[in-house]
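Student: This is a predicted model, with the sequence first.
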Amino acid sequence: MERENQQAIYSKVIRAGKRTYFFDVKSTKGSDLYLTVTESKKTTDDGRENYEKHKIFLYKEDFDKFQEGLEDVLAKIKELRATYESPTIQYASSTIESFSFEEL
């Protein structure tokens, strides 16, 4: 598990409007690498700036599956953007009623 004072081995920061994404490669006590992805979103409550944070941990046994899934989804998004003008797409499936790129 992550230790609060642990330094990242490699970090990448992506600023996107009110959101900032942090990709941090860290090491376990057993020297296994893992990735944390943190989304930090700036919010304003009662005139004060706050930051909502959401974090996921990705461990070495899941790297390949995560990469395959992400590549698949990004390729589908690229395909859908080329095909549809509207960012909302209706599906025939009863389990998925609509899809919005804004939800990503």
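Tutor: Thanks, I have it. Because the structure is a prediction, the values reported are computed rather than measured.

Student: Which strands or helices does whatever helix or strand residue 23 lives in pack on?
Tutor: Here residue 23, judged by DSSP states H and E, is contained in strand 19-27. In terms of contacts (3 or more CB pairs under 8 Å, 6 or more residues apart in numbering; DSSP states H and E), strand 19-27 is packed against strand 10-16, strand 33-45. C-beta here means a position set from N, CA and C on the backbone, and glycine is covered the same way.

Student: Please identify which of the ones you listed is closest to residue 55.
Tutor: Comparing those against residue 55 with CB to CB, the closest turns out to be strand 33-45 (4.6 Å).

Student: Hey, what's the angle from the helix or strand just after that closest one to strand 19-27? Just curious.
Tutor: Downstream of strand 33-45, the first helix or strand assigned by DSSP H and E is strand 48-59. Angle of strand 48-59 versus strand 19-27, following axes from the mean of the first three to the mean of the last three CA atoms, to 10 degrees, is 40 degrees.

Student: Provide the strand pairings for strand 48-59, with the direction of each partner.
Tutor: strand 33-45 (antiparallel) (DSSP bridges).

Student: what's the strand it pairs with in contact with?
Tutor: 2, 9, 18-28, 49-60, 63 (CB atoms under 8 Å, 6 or more residues apart in numbering).

Student: Centre of the chain to that strand, how far?
Tutor: Strand 33-45 sits 9 Å away from the centroid of its parent chain (CA atoms, centre = their mean, to the nearest Å).

Student: Under the pLDDT cut-off, which ranges of this protein? List them.
Tutor: Counting by pLDDT under 70, the chain contains low-confidence ranges at 1-7, 85-104.
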